[in-house]
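> Everything below, folded, please.
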Amino acid sequence: MRQAPARAGHDEAGPASVEVKELSQLTVIALSGVLDIDASDQLTHAAHQAAHRELPIQIDMAHAQFIDSSAMSMFVRLVAAERRFGRDLVVTGASAGVRQAFKTAGLDRILTFNDT
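Residues are numbered from 1 along each chain as shown. The predicted structure follows:
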């Protein structure tokens, strides 16, 4: 059986992992691995869970290796949820490659990146 070719530069990337951390004043969605259409159900569930708490949301992408447009749609929904409360969606730890993907999609204009 033939294997599907690996994405360029992502042959060692792990599967997507999505973890929601419910802190007292903040909800953190920690993302890792390859965030693509295969991760969309996990991402959608995490977005609903985080938005339901009505606390500020922060996306930790320190371990995300790749993101495609299907995964980015979650960010658009979360930006809308945060703006209802007058807040920005904060993304931390995004690599240069992931940030470039957001820039290419034009999402760098609606997200707040924090590298600390």
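> So what touches the strand or helix carrying S32?
Taking DSSP states H and E as the criterion, S32 maps to strand 27-35. Residues outside strand 27-35 that contact it (Cβ atoms under 8 Å, 6 or more residues apart in numbering): 7, 10, 13-21, 39, 43, 46-47, 49-50, 53, 55-68, 71. Just so you know, the C-beta spots here come from the backbone N, C-alpha and C atoms, and that holds for glycine as well.
> Repeat that for stretch 46-56.
18-20, 22-23, 25-27, 29, 57, 74, 77-78, 81-82, 85, 87, 90.
> And stretch 100-115, by the same measure?
Taking Cβ under 8 Å, 6+ apart as the rule, stretch 100-115 contacts 66-69, 72, 75-76, 79, 88-94, 99.
> Tell me which stretches of this structure form helices.
Applying DSSP state H to the chain gives helices spanning 40-53, 69-84, 96-105.
> JSON lines please, covering those helices and showing mean neighbour count and mean pLDDT.
Listed next are the helices of the chain as JSON lines, based on neighbours: other Cβ atoms under 10 Å; pLDDT from 0 to 100:
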{"stretch": "helix 40-53", "mean neighbour count": "17", "mean pLDDT": "89"}
{"stretch": "helix 69-84", "mean neighbour count": "17", "mean pLDDT": "90"}
{"stretch": "helix 96-105", "mean neighbour count": "15", "mean pLDDT": "95"}
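> could these be laid out in a markdown table, adding distance to F113?
Below are these laid out as a markdown table (distance: least, Cβ to Cβ, whole Å):
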| stretch | distance to F113 |
| --- | --- |
| helix 40-53 | 18 |
| helix 69-84 | 12 |
| helix 96-105 | 7 |
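> okay, the angle between the lengthiest strand in the chain and helix 40-53?
Counting by DSSP state E, the longest strand found in the chain is strand 57-67. If you take axes from the mean of the first three to the mean of the last three Cα atoms, to 10 degrees, strand 57-67 sits at 170 degrees to helix 40-53.
> Since that was my last question, I'll sign off now.
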